[in-house]
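Asks: build me a model:
(chains A, B and C)
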Amino acid sequence: MTAPATSPDRPAVTLHGLHKWYGDYHALRGVDLSVAAGERIVICGPSGSGKSTLIRCINQLERHQAGTVTVDGAEATAEPRRLQAIRRKAGMVFQGFNLFPHLTVLQNCTLAPVQSGAASPGEAEALALSLLARVRVADQAHKHPAQLSGGQQQRVAIARALCMQPKIMLFDEPTSALDPEMVKEVLDTMIELARDGMTMLAVTHEMGFARQVADRVVFMDQGRIVEAATPADFFDRPQHERTRAFLGQLLH
Amino acid sequence: MTGEALAPPRAPRTPIAFGALAAQSAAVALVAAFVLLVVVTTVSNLELRGIPVGFEFLGDRAGFKIADTVIAFAPDDSYLRAIAVGVTNTLFLSLLVCLAATAVGVLLGVARLSPNPLLAALATAWVEAVRNIPPVLLLVFLYAGWSQAMPVGGARELLPGVLASVRGVAVPKLLSTWPAGGLVLGLVASGAVLGLAAVVAHRAAQRGERAPPYGRLVLAVVALAWVAAVALGGWTIELPHPRGDDLVGGARLTPEFATVFVGLTVYTAGFIAEIVRSGIQAVRRGQWEAGRALGLTEGQVLRRVVAPQTLRVITPPMTSQYINTVKNSTLAIAIGYSEFMTVMGTVINRTNQPLEGTLVIVAVYMTINLTLAAGLNLLNRRAQPGRR
Amino acid sequence: MTDAVLVPPRTPPRAARLLSGLFGSPLNALLTLLVLWAVGSAAAPLLKWAILDAVLFPAEPAACRDAHGACWSFVVAKGSQILFGIYPIEERWRPILVSAVLLALLVHSLRPAAWRPPLAIIWALALPATFLLMYGGVGGLSYVATTMWGGLPVTLILTVTAVGAAFPLAILLALGRRSDLPAIRILCTLFIELTRALPLLSILFIASILLPLLVPEWLLPDKFFRAMIALLLFAAAYLAEVVRGGLQALPPGQAEAAQALGLGYWQTQRLVVLPQALGLVIPSLTNTIIVMIKNTSLVLVVGLFDLISSGRAALADPEWSSPAMETYLFVAAIYFTLCFGFGRFASGLERQTRTPA
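Replies: Down below sits the predicted model:
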């Protein structure tokens, strides 16, 4: 799955001065981040640091109150058509998979392309089958999600997001809800995706994955980006006290 | 790393999309246009038919009789008083039905869970019967059966002191020798003393002290005081006796009232039984097992462990059932008991002012509903653990 | 140690368990005896009246006058009038057909397997066809005014059309009540709460007396349709709350996933949210339908002929001795069959939908 071409000097995602409140709770306190096309970012941090909120602001599942979010050159506003366009450019994989239980695996994948008018039913089905084969669940195409294991469901979720041919893939703790023996199969799928050049932002605790795949590791704490560096610099030479504390807790 | 100095002190409002604003304005405009259309038609219709507008009719003479009244009413009284009679009738009926149905319903609900299969089957039959027939049918049926069930030309004794005949039911009446004011004063004083005791006990409990049983002590004292006062004060009980097929003495209830009361109680008890049953079953089995493992008897487990938790679960559906009972009281119109809707029907008929009548109906029911809902909500919140 | 296989003690046969339940403990035994005595003393005269002394045939007034027991001959003689009202006898096949079709439609519509676009078309055709058939006046059918309609068909027509027509409105109201747009949310909430606060009887009453004022003469629906509008609005408010319950029970991740895929609001609701939300509340939906079947009995107050008032009208025949209790028992049996049957169907459906696909 090759990443669709974006203009080399146009960043895939730009966040500028991003603020988000939940009521009085200040979840994101002015975040600046620029993600280049084809770049792979892993976001980590303690719970409550705003990592999920950040990712969800990119595809506007959460609306920000101040600052700007720009996805592939298009700025996110409240206008419904703009939102839909952005969401088609950014695919998302959720911690809880969120597959549609009343549809088959294949129908899960073809629903959005057909409904958005991006593909005819025949084209959508062909693409879906090829992507399902890519993530190695093609033989489950006509089953319902409840009949699949957790690892299989998450891989279907990845295929479903890819069916919209997004420019960016967002991962919100994709392996946190999986039994340990199924984490590897999902991570392997994500690694293959990265190797094929897809721009990725992943919120995850899987540091092995970060070391292997990430171009940058971003550490967040209390709504701010504290440190962002290459994996080598991040893990071996953390600059900030809080980063070191966090790493110390992780890598017992 | 970030613009902390730029952060505004509080959350700015999320910008609103233009599309959303347009949709809302369209909706409001549509509704407003519809309302306007209706108003214009109504006004022209009112003029056309020469129907008066306004609430002055409330002061006019009613000119009709009302058979059952909790407060006194004569045909010379105003429409306003007639409406008040209707409302009090409804509330009185609803209150009695709620009390009786709760008592019967709780027993019925427990019976459904009884290990005795005969008892459980009977309780189930009762519940299934009332769930699958319309309540108005039950009322009509009982009313039709009333005259057949009553002995011809005489009266039958249902309970000691309670007589029933074709003309109605009579219960013993307590006649007080005190003036009404004194009675009210006595009741208020008792209520105040009990309330004070409850507050003191509550405060002590909050401080974590083990308070002496204020509540029960004070209750016993007040009750004894009342009994002594009544016995020494020369209060009498007036028992009813039959005269022909009529009844003399005691407090009289019309057959309509008796029918509605019995019918609605039987009906509501079935639903309350279901609520109680599912409440008991909702308490996890582990609670029973833990209680038994601690060596408590079944009865103790029921009273101390399961029942309080059941109470919390059933409070919301019980409150909606009570509100439903008030709504069901309107069914009495089918057999002629003068509750609120029946009275309003007569009033609207006589005054020919359906618009104002409708407003009165809506206002009264909304008030009753909101008050009940608010009051029961308060009870609801009290029943929840750990929340203030 | 021997290798003897230990056999678990045999569970006592059903009869033994029943007996131990009835008489096992002293309390139980006492209760059983008490209940048997109470039921026996009440049931004996009841059975005597209902069966032993009762009269079934011949279906003539004279037979009942001499009898001490229940006058079932009345029910036999007047049964069809109670069931179908004063609809012309030779045209009775029309309300019978309508009743059967509506019942079948209702049963069919509750199964999630049937929730596809053709269902809406079936409804859109069936409802007008119902009225066409009942009214007549076209295609060689004689015209029968709504004042002649009565009994079971009226109950079914009112229930099915009120619930069927209210359903789309209920979905819109439920979505509106959860909307982010404050104006729409407030309007929907106001309507729902106002309607639920009033007893159905008052809504029927208000519709009957108020509509003539609010609506120009030429647009005014007759008594039947006024009652139907009232029932429709009432059903819409209650169904809206049922649907809202389903919407709330659905995990928010479903709507989020659909949105993340770029589906618009209405696409999300139609394809992902509503199919699942409605499936979650099938038991409540059937419960509401049973309640509405019972609620149609209230139209007797506004002068329409449902089963109860048909019964009353039949009782008014001066030739007979007015056996009210027998008539109402008959009507109760019909309602019971309808509601209980529906309830059983619903629990069967629930068991079906709970098994994983």
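
Asks: just give the nearest non-adjacent residue to B:Gly263, would you?
Replies: Leaving out its chain neighbours, the residue that sits closest to B:Gly263 by Cβ to Cβ, 6 or more residues apart in numbering or on different chains is B:Leu139, at 4.3 Å. Every residue, glycine included, has its C-beta placed from N, CA and C.

Asks: ditto for A:Cys44
Replies: A:Phe219 (5.9 Å).

Asks: mind telling me what element the one you found is part of?
Replies: strand A:216-221 (DSSP states H and E).

Asks: can you give me the offset of that strand from its chain's centre?
Replies: Remark: strand A:216-221 is offset 15 Å from the chain centroid, using Cα atoms, centre = their mean, to the nearest Å.

Asks: likewise for stretch C:87-94?
Replies: Here the centre of stretch C:87-94 is set off from its chain's centre by 24 Å, with Cα atoms, centre = their mean.

Asks: what residues are up against the residue nearest to B:Gly263?
Replies: Shown in contact with B:Leu139 (Cβ atoms under 8 Å, 6 or more residues apart in numbering or on different chains): B:259-260, B:263-264, B:331-332, B:334-335.

Asks: just the closest of those to A:Thr104, please.
Replies: B:Leu331 (50.0 Å; Cβ to Cβ).

Asks: count the residues that sit near that closest one.
Replies: Neighbourhood size, B:Leu331 [other Cβ atoms under 10 Å in any protein chain shown]: 28.

Asks: chain neighbours aside, what residue packs nearest to it?
Replies: B:Val136 is the one closest to B:Leu331 (Cβ to Cβ, 6+ apart), at 4.9 Å.

Asks: host element of that neighbour?
Replies: Going by DSSP H and E, B:Val136 is in helix B:135-149.

Asks: what's the following helix or strand after that helix?
Replies: Following helix B:135-149 in sequence, per DSSP H and E, is strand B:155-159.

Asks: what does that following strand rub up against?
Replies: B:150, B:163-165, B:169, B:242, B:245, B:247.

Asks: do stretch B:324-333 as well
Replies: By Cβ under 8 Å, 6+ apart, stretch B:324-333 touches B:90-91, B:93-94, B:97-98, B:101, B:135-136, B:139, B:256, B:260, B:264, B:267-268, B:271, B:339-342, B:345, B:368-369, B:372, C:198-202, C:298, C:301.

Asks: ditto for stretch C:211-231
Replies: Contacts for stretch C:211-231 (Cβ under 8 Å, 6+ apart): B:38, B:41-42, B:45-46, B:51, B:354-355, C:146-147, C:149, C:158-159, C:161-162, C:200, C:203-204, C:206-208, C:292, C:295-296, C:299, C:302-304.

Asks: which intervals of chain B have sub-threshold pLDDT?
Replies: Chain B contains residues with pLDDT under 70 at B:1-18, B:151-154, B:159, B:176-180, B:205, B:208-215, B:234, B:245, B:382-388.

Asks: would you map the helices across it?
Replies: Using DSSP state H, the helices of chain B run over residues B:18-49, B:79-112, B:117-131, B:135-149, B:180-206, B:214-232, B:255-282, B:285-293, B:298-300, B:307-328, B:340-351, B:354-383.

Asks: with chain A instead?
Replies: Using DSSP H, helices in chain A cover A:51-58, A:80-89, A:105-115, A:121-134, A:150-162, A:180-195, A:207-213, A:231-236, A:241-250.

Asks: deepest-packed of those, please.
Replies: Counting by mean count of other Cβ atoms under 10 Å in any protein chain shown, helix A:150-162 has the highest mean neighbour count of those, with a mean of 25.

Asks: and of the contacts of B:Leu139, the nearest to C:Ile86?
Replies: Nearest to C:Ile86 among the contacts of B:Leu139 is B:Ala334, at 20.7 Å by Cβ to Cβ.

Asks: for that closest one, which non-adjacent residue is closest in space?
Replies: B:Val136 (5.1 Å).

Asks: for the one you found, list the residues it contacts.
Replies: Here B:Val136 is in contact with B:331, B:334, C:297-298, C:300, C:308 (criterion: Cβ under 8 Å, 6+ apart).

Asks: pull out the buried members of the contacts of stretch C:211-231.
Replies: With neighbours counted by 16 or more other Cβ atoms under 10 Å in any protein chain shown, these contain buried members at B:41-42, B:45-46, B:51, B:354-355, C:146, C:149, C:158-159, C:161-162, C:200, C:203-204, C:206-208, C:292, C:295-296, C:299, C:302, C:304.

Asks: quick one: residues contacting A:Pro11.
Replies: So A:Pro11 contacts A:34-37, A:70 (Cβ under 8 Å, 6+ apart).
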